[in-house]
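Q: only geometry, no sequence info:
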Ligand code: GLY
């Protein structure tokens with residue numbers, strides 16, 4: 001006879017599956033700090049007003065990228081960042097139950113739908129799961145599920161069995177401009193796998209999940225150094241799967257650790273553990289998080305510099321690095337936002353002191369990001385929530401500015417933290 005606890009476990013799995021959420025791994029209940037809950041609540045309340053300001057300035061069919069020199073810069077829905085604004089609006093709606101946010105969120109989801117057949121890059125997870133995925137989580141519309149499954153199909157079309165990876169970009173020129181990388185896979189791609197796990201769960205077809213797990217295995221083999229710091233780009237031989245080079249596009253140097261890349265790795269491996277229950281991925285996520293949190297160059301406020309190794313001996317950039325250009329090394333608030341969200345989840349999978357340390361680190365990051373140093377005052381920053389994020393420093397693009405994905409993962413982290421309070 002099936003035991004009561006087994007029956008409960010099966011029931012929990014069914015509930016999680018029906019809601020399109022991850023497989024329910026055994027979780028440690030963690031008590032949130034009352035003062036941080038208050039900080040989160042205030043930040044969310046004020047972010048609602050801030051995003052209403054952003055919303056009013058945004059042209060139809062355009063999505064916010066950043067705010068520079070007094071100008072709101074936007075992108076079309078085809079940009080990799082297009083899913084973050086709709087997702088942020090939905091998190092804020094979920095918090096405030098405000099009908100103006102609901103209208104805007106739903107309208108923006110409809111605009112995203114046309115992307116479901118895009119196969120030109122690996123970013124479909126970011127573009128669709130952060131937007132329509134949140135819509136489906138909140139409203140459970142079968143139509144949104146279908147859009148997500150088609151998006152997963154498009155993403156899966158970029159998987160090459162010989163390499164064991166989804167190809168991130170069709171090709172890219174190396175940072176020194178001298179070579180073409182024909183099969184580049186970037187660490188960011190770990191984030192797009194969540195869409196594939198979702199698609200297998202709701203369709204019952206294991207093909208998407210198998211691709212996600214194979215991509216994870218290949219990434220674990222080739223994207224990390226022995227200390228679990230990450231390479232940004234691995235360029236493969238598309239015929240044999242051999243590694244041709246390990247390098248960077250957005251970091252300081254090929255052997256440095258680009259902060260947001262490490263953030264994508266921590267978040268991605270934590271998510272894959274949630275989806276598979278394979279302890280190997282949990283262990284890897286912990287080593288990646290430990291690298292980040294114990295790095296001697298992590299500032300006291302736990303908001304990293306854009307790369308952990310800027311200007312250090314032994315790290316030679318392939319681009320024209322001019323130390324005078326940014327006398328103070330720019331931070332990347334987006335990396336802290338991504339990591340804080342990941343650590344809240346990770347802390348729920350790790351028992352004892354180690355797990356509480358992950359939560360305390362997330363709390364420290366949320367406190368910093370919520371302070372006036374990083375969170376804009378009402379009406380400022382063009383309506384974006386966070387300041388001091390960095391997109392592509394080697395190309396001198398989006399340096400020390402607001403970015404839509406910094407806001408998205410910050411809001412996600414605040415909502416995750418708040419949810420801990422409701423579990424008590
Ligand atoms: N996925 C692109 C970036 O993190 O900048």
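A: On my side now, so go ahead. On a predicted model such as this, the values are computed, not experimentally measured, just so you know.

Q: What is the neighbour count of residue 174?
A: 18 (other Cβ atoms under 10 Å). Just so you know, the C-beta spots here come from the backbone N, C-alpha and C atoms, and that holds for glycine as well.

Q: wait, doesn't it sit right on residue 247?
A: Yes. Counting by Cβ atoms under 8 Å, residue 174 touches residue 247, with 6.6 Å between them.

Q: between the two, what contacts are shared?
A: 181, 318 (Cβ atoms under 8 Å, 6 or more residues apart in numbering).

Q: Show me what from this structure comes close to the ligand.
A: For the chain, the residues in contact with the ligand (Cβ under 6 Å from any ligand atom) are 80, 188, 250, 260, 391.

Q: top of those residues by neighbour count?
A: Neighbour-wise, the residues of the chain next to the ligand (other Cβ under 10 Å) top out at residue 260, 28 neighbours.

Q: quick one: the strands in the stretch 101-250 of the chain?
A: 159-160, 165-166, 172-173, 180-181, 184-186, 233-236, 243-247 (DSSP state E, counting those that start in this stretch).

Q: residues making contact with the third one?
A: Spelled out, it's strand 172-173. Contacts of strand 172-173 (Cβ under 8 Å, 6+ apart): 179, 180, 181, 184, 233, 249.

Q: tell me the contacts of the residue of the stretch 1-150 of the chain at minimum distance from the ligand?
A: At 5.9 Å from the ligand, residue 80 is the closest residue in the stretch 1-150 of the chain, using Cβ to the nearest ligand atom. Going by Cβ under 8 Å, 6+ apart, residue 80 touches 121, 123, 126, 127.

Q: Which residue is the nearest non-sequential neighbour of the first one?
A: By the measure of Cβ to Cβ, 6 or more residues apart in numbering, the closest residue to residue 121 outside its immediate chain neighbours is residue 169, 5.9 Å from it.

Q: wait, what's in contact with that neighbour?
A: Residue 169 neighbours (Cβ under 8 Å, 6+ apart): 121, 122, 184, 186.

Q: picking up where we left off before, any of the contacts of strand 172-173 buried? List them.
A: 181, 184, 233, 249 (16 or more other Cβ atoms under 10 Å).

Q: Any chance of a markdown table for these, columns distance to residue 286 and pLDDT?
A: Shown next, in a markdown table, are those (distance: Cβ to Cβ, whole Å; pLDDT from 0 to 100):
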| residue | distance to residue 286 | pLDDT |
| --- | --- | --- |
| 181 | 30 | 98 |
| 184 | 27 | 98 |
| 233 | 24 | 98 |
| 249 | 27 | 98 |
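
Q: and the closest residue to the ligand within the chain, what does it touch?
A: Nearest to the ligand, among the residues of the chain, is residue 188, at 3.8 Å (Cβ to the nearest ligand atom). Residue 188 makes contact with 122, 168, 260, 261, 264, according to Cβ under 8 Å, 6+ apart.

Q: Can you lay out those as CSV showing pLDDT?
A: Formatted as CSV, these follow (pLDDT from 0 to 100):
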residue, pLDDT
122, 96
168, 98
260, 99
261, 99
264, 99
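
Q: Most neighbours among these, please name it.
A: Compared across the contacts of residue 188, residue 260 has the highest neighbour count, 28 neighbours, by other Cβ under 10 Å.

Q: Surely it is in contact with residue 338?
A: Yes. With contact defined as Cβ under 8 Å, residue 260 reaches residue 338; the gap is 6.8 Å.

Q: and residue 245, what does it touch?
A: Per Cβ under 8 Å, 6+ apart, neighbours of residue 245: 181, 233, 234, 235, 254.

Q: how much space between the residue nearest to residue 121 and residue 101?
A: 34 Å (Cβ to Cβ, to the nearest Å).

Q: So which of the contacts of residue 188 belong to helices?
A: Counting by DSSP state H, the members of the contacts of residue 188 that fall within helices are 260, 261, 264.

Q: average model confidence for stretch 276-289?
A: Mean pLDDT, computed over stretch 276-289, is 98.

Q: which residues touch it?
A: 23, 25, 213, 216, 220, 224, 227-228, 230, 262, 265-266, 269-270, 272-273, 339, 342-343, 346, 349-350, 354, 358.

Q: Whichever of the residues you listed end up buried, select them in ChimeraX.
A: Buried residues within those, by 16+ other Cβ under 10 Å, are selected in ChimeraX with:
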select :213,216,220,224,228,230,262,265,266,269,270,272,273,339,342,343,346,349,350,358
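
Q: from the contacts of stretch 276-289, which ones fall inside helices?
A: 213, 216, 220, 262, 265-266, 269-270, 272-273, 339, 342-343, 346, 354, 358.
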